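Engineer: Okay, sequence plus prediction incoming.
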Amino acid sequence: MSDHNSGDATRRDFLYIATGAAGVAAVGGIVWPLVSQMGPNEREKAAGAPIEVNIGDIEEGRVITVTWRGNKYFIRHLTADEVEAAGAKEQSDFRDFVAAADRITGPEGGDAVWSVYGANCTHLGCIPTEVKENGDTWNCPCHGSRFDVTGRVTKGPAPVNLPQPPMVFASEETLIIGTDKAGA
Ligand code: FES
């Protein structure tokens, strides 16, 4: 499943980039004059602005990659088995233990089946690839750190878990990364 998912993630990533690029191209003539008139503080704010992600098409077991503030983040739609397996792990399985429930979330009134975390290894910043071995989900190709399905480090030199960004669900289909305040 991992290779298949990675391929889909790559294609989805490409679609996101392509869609975003098309959108930027379409409105570029309108937006650029506005951006160019922004002061440094306004430009800085726009660069760090929250991003809205349509998660409605991400099937269970799939992951996509998005970019916020120049950093990549994984958005995983967990299966029921993955949620259960993550919750069943022991504290001793982890270097930087956090309960799985604290790293799995969902929209108000919806299922807690989403896990969102940084895609850069907390050792030296490489991007882990999917693997399914010994309960691990991610393998960092650089020095072998491993992470579970919620981004918690299980072994290797990475000192801490993959970081979770501030985020909030605007609806069952829309996740906003970059703020934890609804309507912000
Ligand atoms: S950068 Fe990931 S293990 Fe070194």
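Structural biologist: Sure, I can see it. Numbers count the residues shown, from 1 in each chain.

Engineer: hey, let's count contacts and neighbours off CA atoms from now on
Structural biologist: OK.

Engineer: Flag every residue of the chain that's near the ligand.
Structural biologist: Proximity of the chain to the ligand, by Cα under 6 Å from any ligand atom, involves residues 121, 123-126, 140, 142-145, 157-158.

Engineer: Go again with 8 Å.
Structural biologist: Neighbours of the ligand within the chain, by Cα under 8 Å from any ligand atom: 120-128, 140-146, 156-158.

Engineer: Buried ones among the residues you listed?
Structural biologist: Buried by 16 or more other Cα atoms under 10 Å: 120-123, 127-128, 140, 145-146, 157-158, out of the residues of the chain next to the ligand.

Engineer: will you turn these into a markdown table that also has distance to residue 93 and secondary structure?
Structural biologist: What follows is these, written out as a markdown table (distance: Cα to Cα, whole Å; DSSP: H, G, I helix; E, B strand; the rest coil):
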| residue | distance to residue 93 | secondary structure |
| --- | --- | --- |
| 120 | 21 | coil |
| 121 | 18 | coil |
| 122 | 18 | coil |
| 123 | 18 | coil |
| 127 | 22 | coil |
| 128 | 19 | coil |
| 140 | 17 | coil |
| 145 | 13 | coil |
| 146 | 11 | strand |
| 157 | 15 | coil |
| 158 | 14 | coil |
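
Engineer: I'd like to know which of those residues is nearest to residue 99.
Structural biologist: residue 146 (17.1 Å; Cα to Cα).

Engineer: Go ahead and confirm the closest one touches residue 156.
Structural biologist: Yes - between residue 146 and residue 156 there is a contact at 6.3 Å, judged by Cα atoms under 8 Å.

Engineer: Quick check: buried residues in the helix or strand hosting residue 87?
Structural biologist: Per DSSP states H and E: residue 87 is located in helix 80-88. For helix 80-88, a neighbour-count test (16+ other Cα under 10 Å) marks 82-83, 86 as buried.

Engineer: Which strands and helices lie in contact with that helix?
Structural biologist: Here helix 80-88 touches no other helix or strand, going by 3 or more Cα pairs under 8 Å, 6 or more residues apart in numbering; DSSP states H and E.

Engineer: how distant is it from the center of its chain?
Structural biologist: Chain-centre distance of helix 80-88: 18 Å, with Cα atoms, centre = their mean, to the nearest Å.

Engineer: Perfect, I'm done here.
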